[in-house]
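Peer 1: give me the fold of what follows.
(chains A and B)
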Amino acid sequence: MEGQMAIESEVLVIGGGLGGLTSALAAAREGADVRLVSYKQSTLRQASGLVDVLGYTPDGDGPLTDPYEAIPSLPESHPYRKVGVETVRDALSLFDDAVPTYEGEHTDTNALLPTHGGSIKPTARYPAGASAGLASDTRDTLLVGIEEMVDFDAPHVAAHLDATGVPFAVRGETIRFPGDLRADAKVTRYAKLLDTNSEVAVRGRMVPAREALAQRVNPLLEDEERVGFPAILGDDNPGAIRDALGDHLGVDVFEVPMGPPSLPGLRLEDALFSALDEAGASIETGNPVVDFEGEDRIEKVFIEKNGAKIPNSADQYVLATGGFVGKGVESDREGVYEPVFDCHVPHAADRYDWFEGELFGDHEFARYGVATDDDLRPLDASEHSEFENLRAAGSVLGGYDFAAEKSGSGVSIATGYAAGQRAAQEAR
Amino acid sequence: MGPTPHIAVIGGGSTGAGIARDLAMRGLDVTLVEQGNLTHGTTGRMHGLLHSGGRYAVSDQASATECIEENRVLRDIASHCVEMTGGLFVKRPEDSEEYFQKKLSGCEECGIPAEVVSGEEARAMEPHLAKDIDKAISVPDGAIDPFRLVVANAASAQEHGARIETHSKVTDLIVESGEVVGIEVEHDSGPGKRVHGTEGGTEEIRADYVVNATGAWAGRIGDMAGLDIEVRPSKGVMTIMNIRQVDTVINRCRPKGDADIVVPHETTAILGTTDEEVEDPEDYPEEQWEVDMMIDTLSELIPMLDEARTIRSFWGVRPLYEPPDVGSDDPTDITRDFFLLDHDERDDLPGMTSIVGGKFTTYRMMGEQIADHVCGKFGIDADCRTADEPLPGSEDFSVLRDYMDEFGLRSPIGRRSIERLGSRADDVLKTDGPNPTVCECEGVTRAEIQDAIEGSGSDLNAVRIRTRASMGNCQGGFCSHRMASELHSEYDEPVVREAWDELLQERWKGQRHALWGEQLSQAALNYALHATTQNRDQDPADGDPVDFSAFDSGRGQTGGSVDSADVAADGGTDGY
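Peer 2: Residues are numbered from 1 along each chain as shown, chains lettered A, B, ... in the order given. Next up is the predicted model:
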């Protein structure tokens, strides 16, 4: 390790989730030489793939029709207040440009989408595959579940959706998926079968998978004008699969976003990695940052690879390692900490103050993360910046409850964009 | 002999269910009422130890002897609820050698097979034991699933004609001409299986005799007839680890003390416990220091516990009782023996007996003595058969068959299902449709969930205790909506939603005591899955109506979407 030449870049982004990817992309498009390193699988595979900006205020008002209108009244500690509403808009423009398979940019108004639990949720951007499923679209709907898939029970989802007051009739039917998939098949198995459109046996005859699936649904379709499936319609070719099913069925086809492992989340991750690759960034995944050097400035970080500590140095750094879920914020019985640079994480001394008794209470832990100045530099306990060349983006930030507000993706994109852009500007 | 006497048993814990089974098998008419789910009280809140008797071998040899006898009976009649892990009483260098010897001779005196093993041998059995453990005594402790055991007792009672009413709270004792002649109960959702949202109602249940088997709640029932039953409830914490750090029950070999036992239980290990007298069995503080003490003190035996992940903690209340003239100050001094209080003899109020004190391991023996007592009242001479007839699930069971192939289940899910179901596996797992896994942490399939729903109505917590679904690492994060969906084939959506919310809240309750490290990360993920992905915290189905027309209805309802229109241009793939 001593004397080993460091891998150099102008901007080094640590973390490969939505915040890190957007950050690296923004920095690269600003012309900087960017390197992104990530360790764990990104939490995108656990996310529905919807891009929320703000669905509810911290006081629980909502669903909000216009997320931008509410941003100026958020608490000052909120990451959106740090970057400002115009940066949120600019950041979403970058996202729209980088991920053209998403919709929603035609309006500032939130969309309401059905969830796999049967509720609806407000979101600002949605995959094209979900667009025919909007809850404000008044066309009657058939939901189709797969008997073997316990995560999406179509009759239950339909009944629950109906209870939310959606302005259309909705019905659920359950089919057995064509082909010989076992009861515990992963969503990627269904997706693969539809991607390849391999032939499956149907009553002794070999039929392409997409056609076979449509054949199962066709007799169940009544007057509905659209059909929703759980999000299993392909990993590589979702548009083509929906078109094929739509042609066979004579209606629009959509996907209902699902929980983990989430294909829409994985597709989004792929799209962002491709965009980043095209922008010329260098990407290293699978290895953790285990150490760093520097006092007021970070001089270099060390990435552990095959047992060796590889130095990486940059002029500017972005910390986008995620929150509690992504392990960018960790805790033990004594307290809460940020494991890479040991940035200060404000939190209550008594761990029984971290949560509330009610399941959906106003949990403090949900707002734990690093506090920053307006330039997104993490602050220490006395409110001075921890390192002059470190910015933070995404869920590692504190001061907001993304789950209650439905603001996770929006904050990651907005702060990622701001941190990446400013890092790139300062690197010159 | 006159008409068959009708006995009302109050309390659906191990004692009540054991009494109900025994009386029903002897041919009496039995109605058992329980205010919550079966095991709602103390039984559902214990560490799952099947005592060898070793723990009492010095301090209370009568209890120790009963324990080893019943230990052998339960291995036989409840084999599908028991895992014979074996147990060790381990001695650290600072623990008393004299006590170690007393423990050893005490075990011998009580007929408990006991053997000294060296520290090295103990660590060979359990590699995570502390390096400085001197030696240990091995005893036949085991792990037992209290939920499965009580459900099996209730099922057996039902097979013998008993009526079982859960979610039915006793609101009064009916006393006429100086005699207890029945109970008044408030059904949460009408008689029969619980269904959320079904109107409840009051029912008067006339009985020839009433058995009060409510443990820590016995005083509350006694109050209804002006009886003074001085139960001294004592709380104890149990902290659940996410894995089994040990496969053997580990006891600390010292006189008495908090935090001195680790019980491997299914996929987890349970640390216990404390012993603190409380006023009210339903309202007492659950405190951080208790959880910290479990981890810190038991780390002296198993150092890795210090850094290990706990998934939740829960508290139970022991129904301790001692005759008023004893007057122990410290609850740890109160006997673990049980007392049969015949209120005719004790208070001149015929028609009812209360049973207080006692231990889970000897529930069957207690049931036998109560049943003898009740039968005596009616001059019925019927033999107790509960020690000989296996419980449903433990009858003539062989695991030699290849269930995995037969039911299309993957290992280890198939194996775990079979272990839980025992001889009922055939009945439960033979389904027409596919049988996917609903709870991945505990390997619970749809067929088991459906079987539990059939037995317990729309109550997902009752499904949980029957199957272990949602009791693993994720604490329901990934499976609670699936369990709710399984209800929907039988129950309407609003009923399902209520049951679902109730399960989520119950799971949250215990996790609160484990919120640091990995489990806080898990809780944050669960919160995101439920609130972000499903929007269950702001579900419009539960709240104000939404003006759908004020939201984005899309770019237009015709034409292809942006990822499908031009796909052919790049060779039929849009890349995403």
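
Peer 1: the worst-scoring helix or strand of chain A on mean pLDDT pairs with which strands, parallel or anti?
Peer 2: Every helix and strand in chain A was compared by mean pLDDT, DSSP states H and E; the lowest is strand A:199-202, with a mean of 91. According to DSSP bridges, strand A:199-202 forms sheet pairs with strand A:205-208 (antiparallel).

Peer 1: give me the mean pLDDT for the partner strand.
Peer 2: Across strand A:205-208, pLDDT averages out at 94.

Peer 1: and the helix or strand following that strand, C-alpha only, in PDB?
Peer 2: Once the chain leaves strand A:205-208, the next helix or strand it forms, by DSSP states H and E, is helix A:209-217. This file holds the C-alpha atoms of helix A:209-217, laid out as PDB (Å, rounded to 0.1, in the frame of the first residue of the first chain):
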ATOM      1  CA  ALA A 209     -44.600 -17.100 -24.200                       C
ATOM      2  CA  ARG A 210     -46.100 -13.600 -24.800                       C
ATOM      3  CA  GLU A 211     -48.900 -15.100 -26.900                       C
ATOM      4  CA  ALA A 212     -49.500 -17.900 -24.400                       C
ATOM      5  CA  LEU A 213     -49.800 -15.300 -21.600                       C
ATOM      6  CA  ALA A 214     -52.300 -13.300 -23.600                       C
ATOM      7  CA  GLN A 215     -54.300 -16.400 -24.300                       C
ATOM      8  CA  ARG A 216     -54.700 -17.000 -20.600                       C
ATOM      9  CA  VAL A 217     -55.900 -13.500 -20.000                       C
END
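
Peer 1: next helix or strand past helix A:209-217?
Peer 2: strand A:226-230.

Peer 1: and that following strand, does that touch chain B?
Peer 2: No - against chain B, strand A:226-230 shows no contacts by Cβ under 8 Å from any Cβ of the partner chain, the least distance being 8.6 Å. From N, CA and C alone the C-beta is placed, and that goes for glycine too.

Peer 1: list the neighbouring strands of that strand plus their orientation.
Peer 2: In its sheet, and by DSSP bridges, strand A:226-230 pairs with strand A:141-146 (parallel), strand A:252-256 (parallel).

Peer 1: any idea which helix or strand carries residue B:427?
Peer 2: helix B:425-429.

Peer 1: just how off-centre is that helix within its chain?
Peer 2: 22 Å (Cα atoms, centre = their mean, to the nearest Å).

Peer 1: list the buried ones in it?
Peer 2: B:425, B:428, B:429 (16 or more other Cβ atoms under 10 Å in any protein chain shown).

Peer 1: ok so, going back, now do the least confident helix or strand of chain A: everything it contacts.
Peer 2: A:178, A:179, A:180, A:193, A:206, A:207, A:208, A:209, A:212, A:215 (Cβ atoms under 8 Å, 6 or more residues apart in numbering or on different chains).

Peer 1: quick one: contacts for residue B:519?
Peer 2: Residue B:519 touches B:242, B:309, B:310, B:311, B:312, B:511, counting by Cβ under 8 Å, 6+ apart.

Peer 1: who does the fifth one bridge with?
Peer 2: Taking DSSP bridges, one finds residue B:240 as the beta-bridge partners of residue B:312.

Peer 1: re earlier: and the next element down the chain from the helix holding residue B:427?
Peer 2: With DSSP H and E, the next secondary element past helix B:425-429 is strand B:437-439.

Peer 1: helices and strands around that next one, which ones?
Peer 2: strand B:444-445, helix B:446-456, helix B:480-488 (3 or more Cβ pairs under 8 Å, 6 or more residues apart in numbering or on different chains; DSSP states H and E).

Peer 1: parallel or antiparallel, list what pairs with it.
Peer 2: strand B:444-445 (antiparallel).

Peer 1: can you show me the strands along the stretch 251-400 of chain A?
Peer 2: With strands called from DSSP state E, counting those that start in this stretch, the stretch 251-400 of chain A shows them at A:252-256, A:282-285, A:289-294, A:298-305, A:308-319, A:330-331, A:336-337, A:390-392.

Peer 1: which of those is buried the deepest?
Peer 2: Of all the strands of the stretch 251-400 of chain A, strand A:390-392 has the most neighbours on average by mean count of other Cβ atoms under 10 Å in any protein chain shown, namely a mean of 30.
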